[in-house]
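S.K.: coords please:
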Amino acid sequence: MNDTRIYDYYMGARASAALAVGVHIGLFDALAEKATEIEELAETLGFAHRPLVLLLSALMGMGLIRQDSGRYLLADDAAEFLVSGKPYWLGGLIQAELTCAFDPTLLLDAMQHDRSAVYGGKDPWETHSSDSEKARRFTAAMHSISARPAGA
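M.R.: All right, here's what the predicted structure looks like:
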(Lines give C-alpha, C1' and ligand atoms only; values in the text may rest on other atoms or scores of the structure.)
Protein backbone atom coordinates (compact mmCIF):
# COMPACT_ATOMS: atom_id res chain seq x y z
CA MET A 1 0.00 0.00 0.00
CA ASN A 2 1.38 3.43 -0.99
CA ASP A 3 0.41 6.71 0.70
CA THR A 4 1.80 9.00 -2.04
CA ARG A 5 -1.59 9.92 -3.48
CA ILE A 6 -2.94 10.95 -0.07
CA TYR A 7 0.14 13.10 0.65
CA ASP A 8 -0.10 14.66 -2.82
CA TYR A 9 -3.67 15.83 -2.12
CA TYR A 10 -2.70 17.09 1.31
CA MET A 11 0.33 18.98 0.02
CA GLY A 12 -1.68 20.41 -2.87
CA ALA A 13 -3.37 22.82 -0.46
CA ARG A 14 0.01 24.03 0.78
CA ALA A 15 1.22 24.52 -2.79
CA SER A 16 -1.94 26.44 -3.62
CA ALA A 17 -1.38 28.70 -0.61
CA ALA A 18 2.23 29.43 -1.62
CA LEU A 19 1.12 30.18 -5.17
CA ALA A 20 -1.67 32.52 -3.99
CA VAL A 21 0.66 34.41 -1.67
CA GLY A 22 3.29 34.74 -4.41
CA VAL A 23 0.72 36.25 -6.78
CA HIS A 24 -0.78 38.47 -4.08
CA ILE A 25 2.51 40.04 -2.98
CA GLY A 26 3.64 40.66 -6.57
CA LEU A 27 6.53 38.21 -6.45
CA PHE A 28 6.05 36.99 -10.02
CA ASP A 29 5.71 40.54 -11.33
CA ALA A 30 8.93 41.53 -9.55
CA LEU A 31 10.83 38.58 -10.99
CA ALA A 32 9.45 39.20 -14.49
CA GLU A 33 11.46 42.41 -14.65
CA LYS A 34 14.83 40.76 -13.99
CA ALA A 35 16.62 37.96 -12.18
CA THR A 36 16.98 39.22 -8.62
CA GLU A 37 19.03 38.44 -5.53
CA ILE A 38 17.18 37.81 -2.27
CA GLU A 39 18.22 41.06 -0.59
CA GLU A 40 16.89 43.22 -3.42
CA LEU A 41 13.73 41.15 -3.69
CA ALA A 42 13.07 41.44 0.05
CA GLU A 43 13.50 45.21 -0.13
CA THR A 44 11.30 45.54 -3.24
CA LEU A 45 8.47 43.47 -1.77
CA GLY A 46 8.85 44.69 1.81
CA PHE A 47 9.31 41.32 3.49
CA ALA A 48 11.96 39.95 5.79
CA HIS A 49 14.62 37.69 4.35
CA ARG A 50 13.64 34.46 6.18
CA PRO A 51 9.96 34.20 5.20
CA LEU A 52 10.73 35.25 1.64
CA VAL A 53 13.39 32.53 1.34
CA LEU A 54 10.84 29.99 2.62
CA LEU A 55 8.24 31.10 0.06
CA LEU A 56 10.82 31.07 -2.73
CA SER A 57 11.92 27.58 -1.66
CA ALA A 58 8.35 26.32 -1.86
CA LEU A 59 7.86 27.89 -5.29
CA MET A 60 11.19 26.46 -6.47
CA GLY A 61 10.02 23.05 -5.29
CA MET A 62 6.95 23.55 -7.45
CA GLY A 63 9.17 24.43 -10.42
CA LEU A 64 7.75 27.95 -10.80
CA ILE A 65 10.93 29.76 -9.80
CA ARG A 66 14.55 28.79 -10.27
CA GLN A 67 17.82 30.09 -9.00
CA ASP A 68 20.91 30.84 -11.06
CA SER A 69 24.11 32.26 -9.56
CA GLY A 70 22.29 33.50 -6.45
CA ARG A 71 19.53 35.22 -8.43
CA TYR A 72 15.91 34.12 -8.60
CA LEU A 73 14.05 34.01 -11.91
CA LEU A 74 10.80 32.69 -13.29
CA ALA A 75 10.19 29.42 -15.06
CA ASP A 76 8.72 29.88 -18.54
CA ASP A 77 5.17 28.93 -17.56
CA ALA A 78 5.28 31.20 -14.50
CA ALA A 79 6.40 34.09 -16.73
CA GLU A 80 3.50 33.39 -19.10
CA PHE A 81 0.65 32.81 -16.65
CA LEU A 82 1.60 34.43 -13.32
CA VAL A 83 2.73 37.91 -14.37
CA SER A 84 -0.06 40.48 -14.27
CA GLY A 85 -0.79 42.17 -17.57
CA LYS A 86 0.08 39.11 -19.63
CA PRO A 87 -2.77 37.99 -21.92
CA TYR A 88 -3.29 34.66 -20.15
CA TRP A 89 -2.63 35.78 -16.56
CA LEU A 90 -4.21 33.33 -14.10
CA GLY A 91 -3.76 35.66 -11.14
CA GLY A 92 -7.43 36.61 -10.91
CA LEU A 93 -8.35 33.01 -10.23
CA ILE A 94 -5.37 32.38 -7.99
CA GLN A 95 -5.97 35.50 -5.89
CA ALA A 96 -9.48 34.23 -5.18
CA GLU A 97 -7.76 31.76 -2.83
CA LEU A 98 -7.18 34.63 -0.41
CA THR A 99 -10.81 35.70 -0.24
CA CYS A 100 -12.92 32.65 -0.97
CA ALA A 101 -10.77 29.56 -0.67
CA PHE A 102 -12.42 26.29 0.17
CA ASP A 103 -10.48 25.64 3.33
CA PRO A 104 -11.57 22.76 5.54
CA THR A 105 -13.41 24.96 8.05
CA LEU A 106 -15.53 26.57 5.32
CA LEU A 107 -16.29 23.21 3.75
CA LEU A 108 -17.27 21.73 7.12
CA ASP A 109 -19.50 24.73 7.88
CA ALA A 110 -21.17 24.42 4.48
CA MET A 111 -21.82 20.73 5.10
CA GLN A 112 -23.17 21.33 8.60
CA HIS A 113 -25.46 24.22 7.61
CA ASP A 114 -26.38 23.20 4.04
CA ARG A 115 -25.25 26.48 2.51
CA SER A 116 -22.69 27.95 0.16
CA ALA A 117 -19.18 27.86 1.61
CA VAL A 118 -17.95 30.98 -0.16
CA TYR A 119 -20.89 33.32 0.36
CA GLY A 120 -22.13 32.08 3.72
CA GLY A 121 -25.50 30.97 2.40
CA LYS A 122 -26.13 34.16 0.45
CA ASP A 123 -26.87 34.19 -3.27
CA PRO A 124 -23.61 34.89 -5.13
CA TRP A 125 -25.26 37.11 -7.75
CA GLU A 126 -26.98 39.27 -5.14
CA THR A 127 -23.70 39.55 -3.27
CA HIS A 128 -21.91 40.71 -6.42
CA SER A 129 -24.56 43.28 -7.24
CA SER A 130 -24.27 44.83 -3.78
CA ASP A 131 -20.49 44.51 -3.28
CA SER A 132 -18.47 45.92 -6.19
CA GLU A 133 -15.15 44.62 -4.81
CA LYS A 134 -16.42 41.04 -4.66
CA ALA A 135 -17.85 41.48 -8.17
CA ARG A 136 -14.46 42.73 -9.42
CA ARG A 137 -12.61 39.78 -7.87
CA PHE A 138 -15.15 37.30 -9.24
CA THR A 139 -14.90 38.82 -12.72
CA ALA A 140 -11.09 38.66 -12.60
CA ALA A 141 -11.26 34.99 -11.58
CA MET A 142 -13.70 34.15 -14.37
CA HIS A 143 -11.57 36.05 -16.89
CA SER A 144 -8.53 34.02 -15.81
CA ILE A 145 -10.45 30.81 -16.41
CA SER A 146 -11.90 31.77 -19.79
CA ALA A 147 -9.16 33.80 -21.53
CA ARG A 148 -7.30 30.82 -23.03
CA PRO A 149 -10.38 28.89 -24.19
CA ALA A 150 -11.80 32.12 -25.67
CA GLY A 151 -8.58 32.62 -27.60
CA ALA A 152 -8.99 29.19 -29.18
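
S.K.: quick one, phi psi at the most centrally placed residue in the chain?
M.R.: The chain has Ala20 as the residue nearest its centroid, 2.2 Å off, counting by CA atoms, centre = their mean. When read as degrees, to the nearest 10, the backbone of Ala20 gives phi -60, psi -40.

S.K.: so who does it touch?
M.R.: Neighbouring residues of Ala20 by CB atoms under 8 Å, 6 or more residues apart in numbering: Ile94, Gln95, Glu97, Leu98, Ala101. All C-beta atoms are positioned from the backbone trio N, CA, C, and that covers glycine.

S.K.: possible to save the residues you listed as a markdown table with secondary structure?
M.R.: Converted to a markdown table, the contacts of Ala20 look like this (DSSP: H, G, I helix; E, B strand; the rest coil):
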| residue | secondary structure |
| --- | --- |
| Ile94 | helix |
| Gln95 | helix |
| Glu97 | helix |
| Leu98 | helix |
| Ala101 | coil |
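
S.K.: export those residues as TSV, with columns for neighbour count and pLDDT.
M.R.: What follows is those, written out as TSV (neighbours: other CB atoms under 10 Å; pLDDT from 0 to 100):
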residue	neighbour count	pLDDT
Ile94	22	88
Gln95	19	84
Glu97	19	78
Leu98	13	77
Ala101	15	60
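
S.K.: Arg136: which of the residues you listed is nearest?
M.R.: Nearest to Arg136 among the contacts of Ala20, counting by CB to CB, is Gln95 at 10.8 Å.

S.K.: right, I'll leave it there.
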